[in-house]
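Peer 1: Sequence and computational prediction follow.
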Amino acid sequence: MPDPLVLLPDMMCDARLFGPQIAALSATHALHLAPLTGGHSVEALAAKVLTHVPERFALAGQGFGAMVAMEVLKRAGGRVSRIALIDTTCHAELPTTAAAREERIVAVQGGRLREVLEADVRRDAPTGPYRGEILDLLQDMGMALGDGVYIAQSRAMQRRPDQQSTLRRIKVPGLVVCGDEDNVYPERRHAFMADLMPNARLEVIRQCGRRPSLERPDRLTEILSRWLSAPDGQVS
């Protein structure tokens with residue numbers, strides 16, 4: 001029996017972010033979606049995740065979820081059998097980016113969550129034929145989570161630790177995935193992360209932005225399925 005797979009969603013996203021993967025993988029794997037709510041730091045969210053997941057598990061996170069996944073691995077590496085990091089970065093937030101995020105936090109505190117989400121989604125606009133539907137879904141997930149979660153997750157993003165040393169110490173098989181059209185965390189950053197990890201493979205999904213679970217769901221599902229079934233976690 002393969003280890004259960006724990007999925008950690010991106011900022012202001014819920015289980016629907018991984019809808020296609022959940023539908024495809026649930027027949028062969030026990031799946032757990034850990035909501036990233038109830039904490040104002042990556043450390044607090046990772047601690048909460050660890051209280052709600054199986055004793056041993058495979059771990060995959062997308063975007064903000066991958067940042068939390070790295071902290072989970074740092075805290076409880078012995079419980080993680082393999083890890084997949086999707087469209088993310090291992091670096092701490094730059095001061096200029098943190099300052100710009102502060103402006104959006106103030107706007108949300110002033111009741112302008114919908115406006116802020118629309119701007120965020122446009123800035124990270126998905127590619128492909130289902131762009132409109134994906135934009136609507138991202139907006140709907142964000143509005144459902146609400147002001148408090150946006151502010152808490154934004155604070156966690158601002159204060160997140162640099163995880164380069166965590167990646168260097170990883171002993172389990174790693175997978176790094178990105179879209180080649182990700183305009184936030186470009187391919188070279190993912191290559192850097194994969195190079196840091198002693199036993200990791202980089203997979204670049206072509207004609208895809210920063211949300212491959214929705215933009216190229218079949219391709220991401222294929223990569224994850226092969227990664228989960230490979231004895232050493234490597235995608236051939």
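Peer 2: Sure, I can see it.

Peer 1: what's the distance between residue 70 and residue 200?
Peer 2: From residue 70 across to residue 200, the span is 12 Å (C-beta to C-beta, to the nearest Å). (Each C-beta comes from the backbone N, C-alpha and C, glycine too.)

Peer 1: Looking only at neighbour counts, state which of the two leads.
Peer 2: Neighbours were counted for residue 70 and for residue 200 using other C-beta atoms under 10 Å; residue 70 has more, 27 against 22.

Peer 1: Scan the protein for its longest helix.
Peer 2: As assigned by DSSP state H, the longest helix anywhere in the chain is helix 131-159.

Peer 1: residues making contact with whichever helix or strand comes after it?
Peer 2: The helix or strand immediately downstream of helix 131-159 is helix 164-168, counting by DSSP states H and E. Outside helix 164-168, the residues that touch it by C-beta atoms under 8 Å, 6 or more residues apart in numbering are 70-71, 73-74, 90-91, 174, 193, 196-198.

Peer 1: List the buried residues in helix 164-168.
Peer 2: 166-167 (16 or more other C-beta atoms under 10 Å).

Peer 1: residues touching residue 8, list them.
Peer 2: 34, 36, 49, 59-62, 65-66, 68-69, 72.

Peer 1: For residue 226, state which of the residues you listed is nearest.
Peer 2: residue 60 (13.0 Å; C-beta to C-beta).

Peer 1: so what's the closest one up against?
Peer 2: 5-8, 66, 69, 83-86, 175, 224.

Peer 1: what stretches of this structure score poorly on pLDDT?
Peer 2: For the chain, applying pLDDT under 70 flags the ranges 1, 232-236.

Peer 1: Show residues contacting the helix or strand where residue 108 lies.
Peer 2: Residue 108 is part of helix 95-109, with elements assigned from DSSP H and E. Under the contact criterion C-beta under 8 Å, 6+ apart, helix 95-109 has outside partners 93, 115-116, 119-120, 147, 150-151, 154-155, 157-158.

Peer 1: Let me know the angle separating that helix from helix 131-159.
Peer 2: Angle of helix 95-109 versus helix 131-159, following axes from the mean of the first three to the mean of the last three C-alpha atoms, to 10 degrees, is 110 degrees.

Peer 1: could you point out which element follows helix 95-109?
Peer 2: helix 113-123.

Peer 1: So which elements touch that following helix?
Peer 2: helix 95-109, helix 131-159 (3 or more C-beta pairs under 8 Å, 6 or more residues apart in numbering; DSSP states H and E).

Peer 1: Residues touching that helix, excluding its own?
Peer 2: Applying C-beta under 8 Å, 6+ apart, the set of residues contacting helix 113-123 is 12, 104, 107-108, 135, 138-139, 142-143, 146-147, 150, 184.

Peer 1: Before I go, just wanted to say thanks for your time.
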